[in-house]
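1. model the structure of this input:
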Amino acid sequence: MITKNKKEVINSFLKEGFLISPDLFLDIPENFNFNEFVKITNTKISSKDKPIILNKDLFFVINKSENKLDINWIEFEKSKALLEKGKNGKIYETFLDILGYGVFEDKKNKLNRLLDEIKEPEEIDFSEIKIDPNVLVLESYNKKPSGKKVKDFVSYFRSRYEYIRKILQNRLELDNIMSINRIINKKDRDKVSLIGLVMSKDFTKNGNILLKVEDLSGSIDILINKNKEELFEIGKNIVLDEVIGINGLVGNKIVFVNNIIFPDIQINKEMKKCLEEVYVAFISDLHVGSNMFLSEEFSRFIKWIRGEYGNFKQRKIASKVSYLFILGDLVDGVGIYPDQESELSIKDVINQYRECARLLNEIPKHIKIIICPGNHDALRISEPQPILDEKYASTFYDLKNITLVSNPSLVNIHSSENFSGFDILLYHGYSFDYYVSVVDSIRNSGGYDRADLIMKFLLQKRHLAPSHSSTLYIADPEEDPLIIKKVPDFFATGHVHKASVSNYKNVTMICGSCWQSKTSFQEKVGHNPEPARVPVINLKTREIKIMKF
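-> Predicted coordinates:
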């Protein structure tokens, strides 16, 4: 039984930053003078470097030693852990030898020799890498540009409606779906289900949400009552031009909503893992050519991925990186925002790409690099953006380990005869600005600092830019290329200059960081960059690390 006095002593140790080991706990005397112990400890050990775990041996040494205890306490505690695991007791015994009889230089040297004996090797042999990485481009937009007519925009939105309608038709919540022209003729209070595209969204004088939705047969008003609080909060996140499912009761040419169904991804998607320990890294927004490009930090990243920087464990991970995704804005571009030229160190976009290619050429050739463009790249800004233009980025076409894809695109990596590989949806994220601005739940929860919320939002809508004005787009009359058709294993983005990693229904969502310090334009729009951070994922375990450079 622990006495009251002993409890007080233990609490006092905790307040001073010491954890008590079980062997010491049993031997702490009832009349122990804690204040005197603290006084002695502070004279012998720097409060900055003091050990965390206080065991019986160390307690004795602190009380009995007449010297300042000047050793590496982190290594001391590691040596204790090794002893307890039965792996190596020599180092711990040497520490006690030093601590118990004073700090003598010859004993320090003895300890250093022992530490060197178990030190991990400095060099990693990249020639031993036996992983054979492979990249399959599943979807990359490559249609030639052409003039657009009004009918192309009609066909574009119709194709979106039809595709997402098919997704929603399979939802159990939507039974007995009717077309809008049939619903208009239904009796009051009849239960109905419908699928429609949101034409408008307003708030009534009473504070309710009023939508107008349409299908191929007509349009109808939809009312979400503010008294249904949970439903009302969901309704606030509805945006124009998305396709939704509705359950409700018919009124006079209006439907009173009881439930809202989004074409969300389903939870039954498997979290895939491969048999080999292989890593994939994600970076974004290099902005080469900007005078705020972080060349030193990027140089450290290059050295790390070459196995020349970091501790042994970090370099070991680097040796197993087989895939690197770059998620747009490779260069800062020219004329992207007002007065940009004053913030450029390289004022010609071709030379910007040439410098970027020179940097990427330093990456080991066994690593497959997959690149999609962003809004700063020398391409049309309308999405889908094609692959980097050979006219401006010809130096990229000389690098044999690079795969160029459109923005957005879908890529499969690491497939084999017995493994289907990982599907990775790439999207730079130009539409993010719009949803940070108009979606309350995103704006009020951190805005640009919460890329994970934006990505989750788009997965729920099954579209990368559902609202007409959220991005410039190509009105393809045959299909809407921004629909999220196949549920990916990874959803990778950039644009907001802040790294983020999260999971939604077994889809790993990654937002790449940046390699540029804050510009005047970013300050105006509210971006808060956290540069030089790289999400790295172990495809065998799906464990994620964010490495800081």
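2. could you list the low-confidence segments of the stretch 151-300 of the chain?
-> 268-269 (pLDDT under 70).
3. all strands of it, in order?
-> With DSSP state E, counting those that start in this stretch as the criterion, the stretch 151-300 of the chain has strands at 191-203, 209-215, 218-224, 243-250, 254-261, 279-283.
4. between strand 254-261 and the first one, find me the angle.
-> Relative orientation of strand 191-203 versus strand 254-261 (axes from the mean of the first three to the mean of the last three CA atoms, to 10 degrees): 100 degrees.
5. still on that earlier bit, could I get the strands of the stretch 151-300 of the chain in JSON lines, plus columns for mean neighbour count and distance to Pro373?
-> No exception for glycine: its C-beta is placed from N, CA and C like everyone else's. Listed next are the strands of the stretch 151-300 of the chain as JSON lines, based on neighbours: other CB atoms under 10 Å; distance: least, CB to CB, whole Å:
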{"stretch": "strand 191-203", "mean neighbour count": "18", "distance to Pro373": "29"}
{"stretch": "strand 209-215", "mean neighbour count": "19", "distance to Pro373": "34"}
{"stretch": "strand 218-224", "mean neighbour count": "19", "distance to Pro373": "37"}
{"stretch": "strand 243-250", "mean neighbour count": "22", "distance to Pro373": "28"}
{"stretch": "strand 254-261", "mean neighbour count": "18", "distance to Pro373": "34"}
{"stretch": "strand 279-283", "mean neighbour count": "25", "distance to Pro373": "14"}
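6. between these, which one is closest to Asp433.
-> strand 191-203 (19.2 Å; CB to CB).
7. tell me what angle the closest one forms with strand 218-224.
-> 80 degrees.
8. sorry, back to before: between the strands of the stretch 151-300 of the chain, which one is nearest to Leu359?
-> strand 279-283 (11.3 Å).
9. got the domain ranges for the chain?
-> For the chain, the structural domains run 4-117, 139-144+267-548, 171-261, going by automatic domain parsing.
10. going by mean pLDDT, which of those comes out lowest?
-> Of all these, mean pLDDT reaches its minimum on domain 4-117 (a mean of 63).
11. what does stretch 171-182 rub up against?
-> Residues outside stretch 171-182 that contact it (CB atoms under 8 Å, 6 or more residues apart in numbering): 168-169, 186, 191-196, 213-220, 245, 247, 259, 261.
12. kindly recompute the last result at 7 Å.
-> 168-169, 192-196, 214-215, 217-220, 245, 247, 259, 261 (CB atoms under 7 Å, 6 or more residues apart in numbering).
13. stretch 435-454 now?
-> In contact with stretch 435-454 (CB under 7 Å, 6+ apart) are residues 236-237, 239, 432, 457, 470, 493, 496, 498, 500, 502, 509, 511, 526-528.
14. repeat for stretch 279-287
-> Against stretch 279-287 from outside (CB under 7 Å, 6+ apart): 293, 317, 320-332, 356, 376, 413, 492, 494-495, 497, 510, 512-516, 534-539.
15. give me the distance between the two termini of that stretch.
-> With CA to CA, to the nearest Å as the measure, stretch 279-287 spans 25 Å from end to end.
16. distance between the ends of stretch 315-325?
-> 19 Å.
17. starting at the chain centroid, how far to it?
-> 17 Å (CA atoms, centre = their mean, to the nearest Å).
18. same check, this time on stretch 504-517
-> With CA atoms, centre = their mean, you get 2 Å for stretch 504-517.
19. and that stretch, C-alpha only, in PDB?
-> This file holds the C-alpha atoms of stretch 504-517, laid out as PDB (Å, rounded to 0.1, in the frame of the first residue of the first chain):
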ATOM      1  CA  TYR A 504     -10.800   9.000 -45.000                       C
ATOM      2  CA  LYS A 505     -12.500   5.700 -45.400                       C
ATOM      3  CA  ASN A 506      -9.200   4.000 -46.100                       C
ATOM      4  CA  VAL A 507      -8.100   6.500 -48.700                       C
ATOM      5  CA  THR A 508      -4.800   8.100 -47.600                       C
ATOM      6  CA  MET A 509      -5.000  11.800 -48.300                       C
ATOM      7  CA  ILE A 510      -1.600  13.600 -48.800                       C
ATOM      8  CA  CYS A 511      -1.000  17.300 -49.400                       C
ATOM      9  CA  GLY A 512       2.500  18.200 -50.400                       C
ATOM     10  CA  SER A 513       4.500  21.000 -48.800                       C
ATOM     11  CA  CYS A 514       6.400  23.700 -50.700                       C
ATOM     12  CA  TRP A 515       9.900  24.900 -51.300                       C
ATOM     13  CA  GLN A 516       9.300  28.600 -51.200                       C
ATOM     14  CA  SER A 517       9.100  31.100 -48.300                       C
END
